[in-house]
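Peer 1: okay, predicted coordinates and the sequence, questions at the end:
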Amino acid sequence: MSPAADFLARLAGHLEAGDAAAAASLFQPESHWRDLLPLTWSIATFDGPAEIGAMLTAVLPAARPRGFALEEGSEKTADGITEAWFRFETEAALCRGQFRLKDGRAWTLMTAALSLKAHPERIGTRREPGTVHGASPGRPSWPERRRQRQAALGTTEQPYCLIIGGGQNGLSLAARLSMLDVPTLVVDSHDRPGDAWRRRYDSLCLHDTVWANHLPYLPFPPGFPTFIPKDRMGDWLDSYARTMDLDIWSGTTAQGAEHDPARGEWRVQVTRQGRAVTLRPKQLVIATGLSGAPATPRYPGAEGFRGTQMHSSQYRQGAEWRGKRCVVVGSNNSAHDICADLWEQGAEVTMVQRSSTLVIRAESSYRFLSSKLYSEEAVAAGITTEQADFIAASRPYAILPPMHRAIYAEIRAHDADFYAALEKVGFMLDFGEDESGHSLKYLRRGSGYYIDVGASQLIIDGAVKLRSDTRPARILPEAVELEDGTVLPADLIVYATGFEAMETWVEQLVSPEAARRLGPVWGLGSGTRRDPGPWAGELRNMWKPTRQEGLWIQGGNLAQARFYSRLLAIQLKARMEGIPTPVHDPRALEAVPA
């Protein structure tokens, strides 16, 4: 018997017998079990044999995992680590898992729900027929049936799930729920699903490559560009919503929401094209993006500035600023992109870098990081998008920092001349507080980095001027005065200063009390800057039950929208069908601190 088969047989025997202590004894002292619904009905990680044993004691009687079997050909051993994939089922779900062994004991183990046994997705052989062959007097056509459905939803029939936000996160979840026959309505303030992308600055392209960015069920055509321009992404979202036949109220703004625990539903006030409507969904999902409202600093004297001031979210294109003096406050992705766009349009540009920034060349990010899972080479090697997503999910967040420190050591060596040139002109660099790179910064705080697609060379060459290790002290009528005494004449000031935390949407939509009950959204509790502890082990409040009954958060990048929308859809469908979903997630659902 192979090492993987032997381990799985022992683990399965203990789990099926309900022996939590014996199962936990199969784990290394430093080990992690990441469960994506099958056992905990949450997204939770448990560290070490003691936590794992306590989790299993709590969940095994209800979950009853069984039917464990290795996926054929999945076992491999390298650098002393044996890993393999397996399938199993619980009372409610068909599931998949992966483990990594050190010296015959588990270092990491991931379990994930694939589908509900009683309610599989309506895809493949289970797809709807579209028609019933034969003749039937007065039978409505498909367009007529769709019009009837759309007319009823939100009026005579209430959606089971209301999604606020019609970007890639809202659409991904709505598509998943549609394939599970969950009545769902998406509301969005824009006129078209892709308008959130169209309203960004004209030069914007996705910084992640196309292989990582497919949406559920409908991958990009093979000729789509590697880095998708934002307007083309907007067009794709429009067509995606139509192709997936999603129910969307465009031009609709959510004004407020109140949960009625007695009725187990929400009362959500929306304004649809000027008309007030009350919706009563059972489940409410906020899918308005990774961040909250724009965070615009208030500097003394700003009200007297004679030029133009704007947040980066308001910036469109630089043609009107040809020959003008422009100051961009900030040094992350948007700041660099806007500086480059202004320079290309003939403006005189100065970046004000207030604090250190992580920079990684797009080519190096692809070569050393993303191409291993998301690339033509990965596809040729048999790593489909779904398999790549599962490989990424199989790595508990706790093990990522040392992995990424090693990768960044290679990147820094490979791009040593590039980094030296940046530092020579005074650019303040960092690689994360623990040198773990931009992927961890993204997970911890969602900011603090720039994926270089050309602006860094402009700074190195002096084409974009740089003032670093300082910040605006006050705004003069025609200039920005910095704390170091420098005065920068300005016709335009762009504040590329980021956004408020995501939980501010909950505060505005529901109440400050609900936001406090919910706690921080996003971040791992790493104890690093803008990610205060305690350690959560997972992204806080994302795609899983929260402390506010019936409230869910769907956010993240396109890859996360694709993968985690399935998990959130399974949870919502299970609740709609009355399937027991006993949640075990002590770190996330413990009492709110006083």
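Peer 2: Thanks, I have the structure now. Residues are numbered from 1 along each chain as shown.
Peer 1: from here on, just use CA atoms for contacts and neighbour counts.
Peer 2: Fine.
Peer 1: what are the contacting residues of stretch 424-432?
Peer 2: For stretch 424-432, contacts defined as Cα atoms under 8 Å, 6 or more residues apart in numbering pick out 353, 355-359, 423, 437-438, 440-441, 459-460, 466-469.
Peer 1: buried set for it?
Peer 2: 425-432 (16 or more other Cα atoms under 10 Å).
Peer 1: please narrow the contacts of stretch 424-432 to those residing in helices.
Peer 2: Judged by DSSP state H, the subset of the contacts of stretch 424-432 located in helices is 423, 438, 440-441, 459-460.
Peer 1: now the buried residues of stretch 424-432 as JSON lines including distance to Glu75, pLDDT and secondary structure?
Peer 2: Output for those, formatted as JSON lines (distance: Cα to Cα, whole Å; pLDDT from 0 to 100; DSSP: H, G, I helix; E, B strand; the rest coil):
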{"residue": "Val425", "distance to Glu75": "50", "pLDDT": "98", "secondary structure": "coil"}
{"residue": "Gly426", "distance to Glu75": "49", "pLDDT": "98", "secondary structure": "coil"}
{"residue": "Phe427", "distance to Glu75": "46", "pLDDT": "98", "secondary structure": "coil"}
{"residue": "Met428", "distance to Glu75": "45", "pLDDT": "98", "secondary structure": "coil"}
{"residue": "Leu429", "distance to Glu75": "41", "pLDDT": "98", "secondary structure": "strand"}
{"residue": "Asp430", "distance to Glu75": "38", "pLDDT": "97", "secondary structure": "coil"}
{"residue": "Phe431", "distance to Glu75": "34", "pLDDT": "97", "secondary structure": "coil"}
{"residue": "Gly432", "distance to Glu75": "34", "pLDDT": "96", "secondary structure": "coil"}
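Peer 1: out of those, which is nearest to Val59?
Peer 2: Of all the buried residues of stretch 424-432, Val59 sits closest to Gly432, with 36.8 Å by Cα to Cα.
Peer 1: what subset of the contacts of stretch 424-432 is buried?
Peer 2: Counted by 16+ other Cα under 10 Å, the contacts of stretch 424-432 give 353, 355-359, 437-438, 440-441, 459-460, 466-468 as buried.
Peer 1: remind me, longest helix of the protein?
Peer 2: Every helix in the chain considered (DSSP H), the longest is helix 558-576.
Peer 1: show me what it is packed against.
Peer 2: strand 105-116, helix 168-178 (3 or more Cα pairs under 8 Å, 6 or more residues apart in numbering; DSSP states H and E).
Peer 1: what is the mean pLDDT for the longest one?
Peer 2: Think strand 105-116. Average pLDDT, strand 105-116: 98.
Peer 1: for it, give me every contacting residue.
Peer 2: 7, 26-28, 30-38, 92-101, 121, 393-396, 567, 570, 574.
Peer 1: which ones among the residues you listed lie within strands?
Peer 2: Of those, the ones assigned to strands by DSSP state E are 27-28, 30-36, 93-101.
Peer 1: just the buried residues of those residues.
Peer 2: For the ones in strands among the contacts of strand 105-116, buried by 16+ other Cα under 10 Å: 27-28, 31-36, 93-101.
Peer 1: so the residue of the chain most remote from its centre versus Ile399, what's the distance?
Peer 2: For the chain, the largest distance from the centre (Cα atoms, centre = their mean) belongs to Pro137, which lies 48.5 Å off. Here the criterion is Cα to Cα, to the nearest Å. By it, Pro137 lies 63 Å from Ile399.
Peer 1: with Gly346 instead?
Peer 2: For Gly346, the distance to Ile399 - Cα to Cα - is 46 Å.
Peer 1: show me which of these two is the more surrounded one.
Peer 2: Gly346 (16 against 13; other Cα atoms under 10 Å).
Peer 1: hang on, that one in a strand?
Peer 2: No: according to DSSP: H, G, I helix; E, B strand; the rest coil, Gly346 belongs to no strand; its state is coil.
Peer 1: nearest spatial neighbour of it, skipping sequence neighbours?
Peer 2: Arg322 (4.6 Å; Cα to Cα, 6 or more residues apart in numbering).
Peer 1: neighbours of the one you found, how many?
Peer 2: There are 15 residues near Arg322, going by other Cα under 10 Å.
Peer 1: and Pro593, what's its pLDDT?
Peer 2: 43.
Peer 1: thought Ser394 was touching Asp35?
Peer 2: No: Ser394 is beyond contact range of Asp35, at 9.5 Å (criterion: Cα atoms under 8 Å).
Peer 1: one step back: of the ones in helices among the contacts of stretch 424-432, closest to Glu71?
Peer 2: Leu440 (30.6 Å).
Peer 1: avg pLDDT for stretch 395-408?
Peer 2: Computed over stretch 395-408, the average pLDDT equals 98.
Peer 1: contact partners of that stretch?
Peer 2: Residues contacting stretch 395-408 (Cα under 8 Å, 6+ apart): 32-34, 45, 108, 110, 368-369, 434-437, 440, 537-538.
Peer 1: 6 Å instead, please
Peer 2: Residues outside stretch 395-408 that contact it (Cα atoms under 6 Å, 6 or more residues apart in numbering): 435-436.
Peer 1: part of a strand, is Leu162?
Peer 2: Yes: counting by three-state DSSP, Leu162 falls inside a strand.
Peer 1: and it, how many neighbours?
Peer 2: With other Cα under 10 Å as criterion, Leu162 counts 25.
Peer 1: check the one 10 residues further on too.
Peer 2: Burial measure for Ser172: 30 neighbouring residues, criterion other Cα under 10 Å.
Peer 1: the stretch 51-200 of the chain: helices as residue ranges?
Peer 2: For the stretch 51-200 of the chain, the helices defined by DSSP state H, counting those that start in this stretch cover 142-152, 168-178, 195-198.
Peer 1: C-terminal to the last one, what's the next element?
Peer 2: Reading on from helix 195-198 to the C-terminus, the next helix or strand found by DSSP states H and E is helix 230-243.
Peer 1: next, the angle helix 168-178 makes with that following helix.
Peer 2: Using axes from the mean of the first three to the mean of the last three Cα atoms, to 10 degrees, the inter-axis angle of helix 230-243 relative to helix 168-178 is 20 degrees.
Peer 1: tell me what helix 230-243 is packed against?
Peer 2: Secondary-structure packing of helix 230-243 (3 or more Cα pairs under 6 Å, 6 or more residues apart in numbering; DSSP states H and E): helix 195-198.
Peer 1: mean confidence score for the helix it packs on?
Peer 2: Mean predicted lDDT for helix 195-198 stands at 93.
Peer 1: swap in stretch 237-257?
Peer 2: Mean predicted lDDT for stretch 237-257 stands at 97.
Peer 1: and what of stretch 455-462?
Peer 2: 98.
Peer 1: would you mark the buried spots in that stretch?
Peer 2: For stretch 455-462, by 16+ other Cα under 10 Å, it's 455-457, 459-460.
Peer 1: can you pull the contacts of Asp491?
Peer 2: Going by Cα under 6 Å, 6+ apart, the list of residues near Asp491 reads 307, 325-326.
Peer 1: most neighbours among those, please name it.
Peer 2: Cys326 (28 neighbours).
Peer 1: I figured that residue was touching Gly346, is that so?
Peer 2: No: contact criterion Cα atoms under 6 Å: Cys326 and Gly346 do not qualify, at 10.6 Å.
Peer 1: now do stretch 464-471: distance to the chain's middle.
Peer 2: A distance of 31 Å separates the centroid of the chain from that of stretch 464-471, by Cα atoms, centre = their mean, to the nearest Å.
Peer 1: what is the end-to-end distance of it?
Peer 2: 17 Å.
Peer 1: re earlier: for the longest helix of the chain, what is the average pLDDT?
Peer 2: pLDDT averaged over helix 558-576 gives 98.
Peer 1: for that helix, output the C-alpha coordinates as CSV.
Peer 2: Extracted C-alpha coordinates of helix 558-576, given in CSV (Å, rounded to 0.1, in the frame of the first residue of the first chain):
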residue,chain,number,x,y,z
LEU,A,558,-12.0,37.3,-10.3
ALA,A,559,-10.3,34.0,-9.3
GLN,A,560,-11.8,34.2,-5.8
ALA,A,561,-15.2,35.2,-7.3
ARG,A,562,-15.2,32.1,-9.5
PHE,A,563,-14.1,29.6,-6.8
TYR,A,564,-15.8,30.8,-3.7
SER,A,565,-19.1,31.7,-5.4
ARG,A,566,-19.7,27.9,-5.6
LEU,A,567,-19.2,27.5,-1.9
LEU,A,568,-21.5,30.4,-1.0
ALA,A,569,-24.2,29.2,-3.4
ILE,A,570,-24.1,25.7,-1.8
GLN,A,571,-24.7,27.3,1.6
LEU,A,572,-27.6,29.4,0.4
LYS,A,573,-29.2,26.5,-1.5
ALA,A,574,-28.9,24.2,1.6
ARG,A,575,-30.7,26.8,3.7
MET,A,576,-33.4,27.3,1.1
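Peer 1: understood, closing this out.
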